[in-house]
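Colleague: quick one, structure for this:
(one chain, ligands or ions: 2)
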Amino acid sequence: MIDHPTLKAWVDEVVALCRPESVHLCDGSKAEFESLAQALIDSKTFVRLKRPGSFWSHSTPDDVARVEEATFICSLKEEDAGPTNHWKDPQEMKKILTPLLKGCMQGRVLYVIPFCLGPLHSPFSRFGVQITDSAYVVCNMHIMTRMGANVLEAMKGKYFVPCLHSVGAPLKPGETDVSWPCSKKDKYIVHFPEEKRVISFGSGYGGNALLGKKSFALRIGSVLGRKEGWLAEHMLIMGVTNPEGKKKYFAAAFPSACGKTNLAMLKSALPGWKVECVGDDIAWMHFRQDGRLYAVNPEFGFFGVAPGTSYASNGYAMDTIKKDTIFTNVALTPEGDVWWEGMTEVPPPKLTDWQGQSWTPDSGRVAAHPNARFTAPASQCPVIDPAWQDPTGVPISGIIFGGRRADTIPLVYESRDWNHGVFLGASISSETTAAAKGVLGKLRHDPFAMLPFCGYHMGDYFAHWIQEGKKGTAKTLPHIFSVNWFRKKDGKFLWPGFGDNIRVIKWMFERIDGAKEGVSSPIGILPQPEDIDLSGLKIEKGQLAEALKVNPVEWKQEAKTLEDYFPLFGNKLPPEIKEQLAILKKNFI
Ligand code: SAT
Ligand code: MN
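Modeller: Ligands and ions are numbered 1, 2, ... in the order given. The predicted model follows:
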């Protein structure tokens, strides 16, 4: 049945351990999706929406986000996981996982999903196979990855990354299933970087269960990238065209739920400027012989944060999700449509909330979970870039690093060179969001927005970035920028954000072209305030200057915070980063 000896052997092994009732090899067809969706309607996991091909589902309250405390990098040596990851000896971890996996799929179907990250015949793409006992996961994987019969065919004789997933909720004979099966007790998201394997147990939530995404494309991907000489990054990819028709591509790293999807599909507030989307979450990037960096999006869909998404904030996302979309943990309207906070100014008078309870605006609680998600095909995005599936990738002219910071970090500045840019990436801090379980709004260091996603020692990761930069020249390397859309004064945002961010991107575009001078400052190159195009924008006088301000008191503190943080990486901290930190400190004496 499975014409791939290694795959067949692995499936047999998992069947013997997990004891499913049956095995289903996914072909990726529309008919398959439809029949699984029907089964999910029958088990009350899905409710069919009036949007064509779309479904509503809601999880249990304990399975709504990534579980960072239960995420492990089980490298052979502890020091290879580094100080930012949870580590356990692989053999020890297997001793924990094997009893949990034993019989864990009883009464369930074991689905085999062959998938490809990246365009099917690209030299940069990689194969994986996910085994899962969740039809909900299969439906999401249909949207998020290239998967099924043609992938299995292309995978013949080739290597694949085995990704094993179970919701960890075996069914006893005769027991009826719950609408959101998951383990109440044990959750483990485990990566074995040397074996290049993933085992995820106990959760059905996207980031924990769609293993092509964070687990493979980032955690295992970053390990592969280091070994093979490329970069797996938590970055959106977007194409920007100016009024003269000149186009440049940018990659931008922001922590989860900080507006990557909105930036990737930005609707320009400046006439004549256009943004097109290659990807909204992950970039796999390679330097080519020409010394330029090229990016592919390993994914095939968007798993975006729903709350806050509206025709005002991201009309293209709203159009993307008009059909063939799975909604998880949003609210349901009596007409069979969806709603979430921020979608409309006035909420509907009556809803079913994300926990399945009836809701009215005076209920005193949110209708949608703050980390509610939509899963939608990238091809449905009205501004999907024509080159989004180009097997060679798109050439990156600018890299952007950002976080959610109420103070200190100016709206935009540029690094002096590549190594300084790597320092900017390494220095990102951001307020925590609902994308991960835990406290909200707490400032934490999140280097390169990769804190939860780097599959190896973060100090080695910084060194890998420095090393990769040697493949280009000052002429061919992308310019590196830092942005902060979230700076506040007196509790109010200083910058309007969303479609107006094109004004900042325009400055970057012109900097790359050598058309704008820039002002040298102790932290890097700032725009002259008149170089940010404010035409047509109602903004209070002095507000831009405030957003761009470098406050020495705040920066002394920032330098001190970084000085306290970087020793975490011990002798793996590259001298280039130490040098950049010393320059920053010196500039503020
Ligand atoms: O849930 S995901 O991990 O896919 C989203 C995110 O946290 O970036
Ligand atoms: Mn993400």
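
Colleague: roughly how far does the closest residue to residue 44 other than its chain neighbours sit from residue 421?
Modeller: In space, and not counting its chain neighbours, residue 44 is closest to residue 179: 4.2 Å by CB to CB, 6 or more residues apart in numbering. From N, CA and C alone the C-beta is placed, and that goes for glycine too. Distance check for residue 179 against residue 421: by CB to CB, to the nearest Å, it reads 47 Å.

Colleague: and these two? which has more neighbours close in?
Modeller: residue 421 (24 against 16; other CB atoms under 10 Å).

Colleague: helix, strand, or coil at that one?
Modeller: helix (DSSP: H, G, I helix; E, B strand; the rest coil).

Colleague: hang on, residue 236 is in a strand, isn't it?
Modeller: Yes. Assigned with three-state DSSP, residue 236 falls within a strand.

Colleague: that one is in contact with residue 266, isn't it?
Modeller: No. In this structure residue 236 lies outside contact range of residue 266 using CB atoms under 8 Å: 10.1 Å.

Colleague: which residues does the residue most central in space within the chain contact?
Modeller: Centroid-nearest residue in the chain, with CA atoms, centre = their mean: residue 281, separated by 3.8 Å. Residue 281 makes contact with 213, 234, 235, 236, 260, 261, 299, 302, 303 under the criterion CB atoms under 8 Å, 6 or more residues apart in numbering.

Colleague: give me the mean pLDDT for the helix or strand hosting the last one.
Modeller: Taking DSSP states H and E as the criterion, residue 303 maps to strand 301-305. Mean pLDDT, computed over strand 301-305, is 98.

Colleague: from the chain's centre, how far out does that strand sit?
Modeller: 9 Å (CA atoms, centre = their mean, to the nearest Å).

Colleague: beyond it, next helix or strand please.
Modeller: Assigned by DSSP H and E, the successor of strand 301-305 is helix 311-320.

Colleague: and that following helix, what's buried?
Modeller: 313, 314, 315, 316, 317, 318, 320 (16 or more other CB atoms under 10 Å).

Colleague: so what's the fifth one up against?
Modeller: If you count contacts by CB under 8 Å, 6+ apart, residue 317 has them with 261, 262, 265, 302, 304, 309, 374, 381.

Colleague: mind checking how far it is from residue 216?
Modeller: 24 Å.

Colleague: residue 537 now?
Modeller: On the measure of CB to CB, residue 537 and residue 216 end up 42 Å apart.

Colleague: okay, these two: which has more neighbours?
Modeller: residue 216 (30 against 14).

Colleague: so the more buried one, which of the three states?
Modeller: Applying three-state DSSP: residue 216 is helix.

Colleague: ok, of the buried residues of helix 311-320, which one's closest to ligand 1?
Modeller: Using CB to the nearest ligand atom, the shortest approach to ligand 1 within the buried residues of helix 311-320 belongs to residue 317, at 14.8 Å.

Colleague: any idea how far residue 55 is from the residue in the stretch 351-500 of the chain that ligand 2 sits nearest to?
Modeller: Closest to ligand 2 within the stretch 351-500 of the chain is residue 435: 7.0 Å, counting by CB to the ion. Per CB to CB, residue 435 is found 22 Å from residue 55.

Colleague: what's the burial count for residue 582?
Modeller: Residue 582 has 12 nearby residues by other CB under 10 Å.

Colleague: residue 71 contacts residue 454, doesn't it?
Modeller: No. Using CB under 8 Å as the test, residue 71 is too far from residue 454 to be in contact (11.2 Å).

Colleague: these two: who's more crowded?
Modeller: Per other CB under 10 Å, whichever of residue 71 and residue 454 has more neighbours is residue 454, with 27 against 23.

Colleague: quick one, what contacts that one?
Modeller: 82, 84, 85, 218, 219, 222, 447, 448, 461.

Colleague: mind doing that once more with 10 Å?
Modeller: 73, 81-82, 84-85, 218-219, 222-223, 226, 232-234, 447-448, 460-462 (CB atoms under 10 Å, 6 or more residues apart in numbering).

Colleague: for the residue lying closest to residue 441 once chain neighbours are set aside, give the beta-bridge partners.
Modeller: Counting by CB to CB, 6+ apart, residue 431 is the residue found nearest to residue 441 once chain neighbours are left out, at 4.9 Å. Counting by DSSP bridges, residue 431 is bridged to residue 443.

Colleague: for residue 279, what are its contacts?
Modeller: Here residue 279 is in contact with 235-238, 251, 260-261, 264, 295-300, 302, 378, 384-385, 388, 394 (CB under 10 Å, 6+ apart).

Colleague: circling back: next, show the common contact partners of residue 71 and residue 454.
Modeller: 85, 219.

Colleague: so which helix or strand takes in the residue nearest to residue 44?
Modeller: Here residue 179 is assigned to no helix or strand, by DSSP H and E.

Colleague: that one and residue 63 touch, don't they?
Modeller: No. Residue 179 lies out of contact with residue 63 (CB atoms under 10 Å); the separation is 11.7 Å.

Colleague: before we move on, back to that, quick one: the residue nearest to the centre of the chain is in a helix?
Modeller: No. Read with three-state DSSP, residue 281 is coil and lies in no helix.

Colleague: now do the residue nearest to residue 44 against residue 373, distance only.
Modeller: For residue 179, the distance to residue 373 - CB to CB - is 17 Å.

Colleague: next up, the contacts around whichever residue of the chain sits closest to ligand 1.
Modeller: Closest approach between the chain and ligand 1, counting by CB to the nearest ligand atom: residue 207, at 2.5 Å. Applying CB under 10 Å, 6+ apart to residue 207 gives the contacts 65-68, 71, 189, 200, 213-215, 256, 303, 371, 373, 435-436, 452-453.

Colleague: hmm, the helix or strand containing it touching ligand 2?
Modeller: Taking DSSP H and E as the criterion, the element that holds residue 207 is helix 206-209. No. Residues of helix 206-209 contacting ligand 2 under CB under 5 Å from the ion: none, with a closest distance of 7.5 Å.

Colleague: who in the protein is up against ligand 1?
Modeller: Residues of the chain lying near ligand 1 by CB under 6 Å from any ligand atom: 66, 206, 207, 213, 214, 256, 303, 435.

Colleague: tell me which element residue 371 falls in.
Modeller: Short version, using DSSP H and E: residue 371 is in no helix or strand.
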